[in-house]
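S.K.: A predicted structure for the sequence below; I have some questions about it.
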Amino acid sequence: MSATSTATPQRPNYFELLQLPRKLRIETPVLEKKFLELSWKLHPDKFVNASAEEQELSLKGSSELNDAYRVLRDPVARVEYLLEIEGMRKEGEHKQQAPPELLEEVFALNESLDELREAKASGSDLASLKSRLELAERNFQEKLGEVDVRLHEVAGQWDAAVDSEASDSDCKGIMVRLNELLNRRSYIRNLVTNVAKELP
């Protein structure tokens, strides 16, 4: 099953590094406990009398462990990382296409943003435009929340597939859905950010 494939050679497998199964729902206390246990083993104080090479390895291991903890404690970064090591997503990849069902709302939002920029430039009254954009921002924030709920649900499907040793095609289907949700999330989050930037 694909859930056991190896990590990219550039960096260690964060799940293996923290001695965790390759799952997407990780209890924070479990993650913290693993991190603290392993951090203590690699702590520079334990290598004061070690050779320069051992000290360097300790620092490298400690740095990798910190990176692993930072990525795996964030549920969205965790999904991105899993897809990356499974070969389903390149690091930093975000497909910026408007989801078809949002096209109308995105078009209206962009028009309102253009009007707001023009109004700012000409010194016109911004009150009605501002309230329209605040409403749009709240609407897209809600949609972002919906995507996060769906992402959590599909993450649960991935974990169930890992537990049941599902077929590669079943696992791939789940990863495709996760990837689509990440792209959708990235797109909506950028819209929210753009609106927040323009609001006075």
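M.R.: Yes, it's here.
S.K.: May I see the buried residues of the helix or strand bottoming out on mean pLDDT in the chain?
M.R.: For the chain, the helix or strand with the lowest mean confidence is helix 103-122, at a mean of 84 (criterion: mean pLDDT, DSSP states H and E). Along helix 103-122, these residues count as buried under the neighbour rule (16 or more other Cβ atoms under 10 Å): 105-106, 109, 112-113, 115-116, 119. For glycine as for every other residue, the C-beta is placed from the backbone atoms N, C-alpha and C.
S.K.: again with stretch 160-169
M.R.: 161-162, 166.
S.K.: picking that back up, which other residues reach the least confident helix or strand of the chain?
M.R.: 98, 124-126, 129-130, 132-133, 136, 139-140, 191, 194-195, 198-200 (Cβ atoms under 8 Å, 6 or more residues apart in numbering).
S.K.: Sort out for me which of these are in helices.
M.R.: 129-130, 132-133, 136, 139-140, 191, 194-195, 198 (DSSP state H).
S.K.: Got a quick PyMOL command for the buried subset of these?
M.R.: Selecting only the buried entries of the ones in helices among the contacts of helix 103-122 in PyMOL, with 16+ other Cβ under 10 Å as the criterion:
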select buried, resi 129+130+133+136+140+191+194+195+198
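S.K.: From the ones in helices among the contacts of helix 103-122, pick the one nearest Y81.
M.R.: In terms of Cβ to Cβ, no member of these lies closer to Y81 than L191, at 24.2 Å.
S.K.: separation between the closest residue in space to that closest one that isn't next to it in sequence and H152?
M.R.: Take L191 and drop its neighbours on the chain: the residue closest to it by Cβ to Cβ, 6 or more residues apart in numbering is F140, 5.2 Å away. Distance, F140 to H152, using Cβ to Cβ, to the nearest Å: 19 Å.
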